[in-house]
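Peer 1: 3D model of this:
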Amino acid sequence: MRTHVTVERNTLKFAAAHMATFEGEVEPLHGHNYAVIVHCEGLLTDDGWVVDFGMIKRIMRRLCEALDHKFLLQRPSELLAAVATDEHWEITAGGARRYVLPTSDVLPLPITNSTAEQIAGWLHGRLCDELRDAGVVSLAMVEIGVEEAPGQTGWYASAFPGGPPRATVKEEHTPSARGRHAHGDGDAD
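Peer 2: Residues are numbered from 1 along each chain as shown. The predicted structure is shown next:
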């Protein structure tokens, strides 16, 4: 039996601009109203939780706020040349189009392309770091989706660093094991 929680969309949103690269070309500058979905799978804690919804929401809201109303600059990029000064970023796309943006409007990210999948991977790394720092050890897997438009979502999923293996989650959570774990007295639900 799988035990998992999902936190999604309604409060996990950001609006951002980007220029993704595809097949050697740079997309025109454009933006999306992104929505984020977080799916966590793991063992139940002694309190009967996989992970605290509130903790996930607080961390992800803060991360979404950092991305909100920014130009998401992939660094490094083979097709976007970017030079920063104290006041602005000068970005040249594909050697032809030139943009000058205030430093405060640009968020350089350590991704090679500003696709939904890579943004999801960046969010995944930050979320897992913060959960681990908060002492969370019950998670086996974390999956993040970044929706660019309805029906168009890029996903990133991997094992939670330091968490139990996924096979353990499936094997240990039979109804009777869940009852023992949740109640601590050996009685099933």
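Peer 1: state the distance from G54 to M141.
Peer 2: According to CB to CB, to the nearest Å, G54 stands 20 Å off from M141. From N, CA and C alone the C-beta is placed, and that goes for glycine too.
Peer 1: more neighbours: those two, which one.
Peer 2: M141 (19 against 9; other CB atoms under 10 Å).
Peer 1: looks to me like that one is in a helix.
Peer 2: No. M141: not assigned to a helix; according to DSSP: H, G, I helix; E, B strand; the rest coil it is strand.
Peer 1: model confidence score at it, please.
Peer 2: Looking at M141, its pLDDT is 95.
Peer 1: C-terminal to whichever helix or strand R62 is part of, what's the next element?
Peer 2: Per DSSP states H and E, R62 falls inside helix 53-67. Counting by DSSP H and E, the element after helix 53-67 in chain order, helix or strand, is strand 70-74.
Peer 1: ok, and what's touching stretch 8-24?
Peer 2: 26-38, 57, 60-61, 64-65, 67-72, 74, 77-80, 93, 107, 113-115, 145, 147 (CB atoms under 8 Å, 6 or more residues apart in numbering).
Peer 1: can you tell me the strand partners of the longest strand seen in the chain and which way each runs?
Peer 2: The single longest strand within the chain, with elements called by DSSP state E, is strand 4-18. Strand 4-18 pairs in its sheet with strand 30-42 (antiparallel), strand 70-74 (parallel), by DSSP bridges.
Peer 1: circling back: what helices or strands is the helix holding R62 leaning on?
Peer 2: Under the contact definition 3 or more CB pairs under 8 Å, 6 or more residues apart in numbering; DSSP states H and E, helix 53-67 sits against strand 4-18, strand 30-42, helix 116-133.
Peer 1: and it, average pLDDT?
Peer 2: pLDDT averaged over helix 53-67 gives 96.
Peer 1: how about that helix: buried residues?
Peer 2: M55, I56, I59, M60, R61, L63, C64, L67 (16 or more other CB atoms under 10 Å).
Peer 1: okay, it in CSV with CA atoms only?
Peer 2: Taking C-alpha atoms only, helix 53-67 is exported to CSV below (Å, rounded to 0.1, in the frame of the first residue of the first chain):
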residue,chain,number,x,y,z
PHE,A,53,1.1,19.8,4.5
GLY,A,54,1.9,23.1,6.2
MET,A,55,5.6,22.7,6.0
ILE,A,56,5.4,21.8,2.3
LYS,A,57,3.2,24.8,1.6
ARG,A,58,5.4,27.2,3.5
ILE,A,59,8.6,26.1,1.7
MET,A,60,7.0,26.0,-1.7
ARG,A,61,5.3,29.3,-1.4
ARG,A,62,8.6,30.9,-0.5
LEU,A,63,10.3,29.2,-3.5
CYS,A,64,7.4,30.3,-5.8
GLU,A,65,7.7,33.9,-4.5
ALA,A,66,11.4,33.9,-5.4
LEU,A,67,10.5,33.0,-9.0
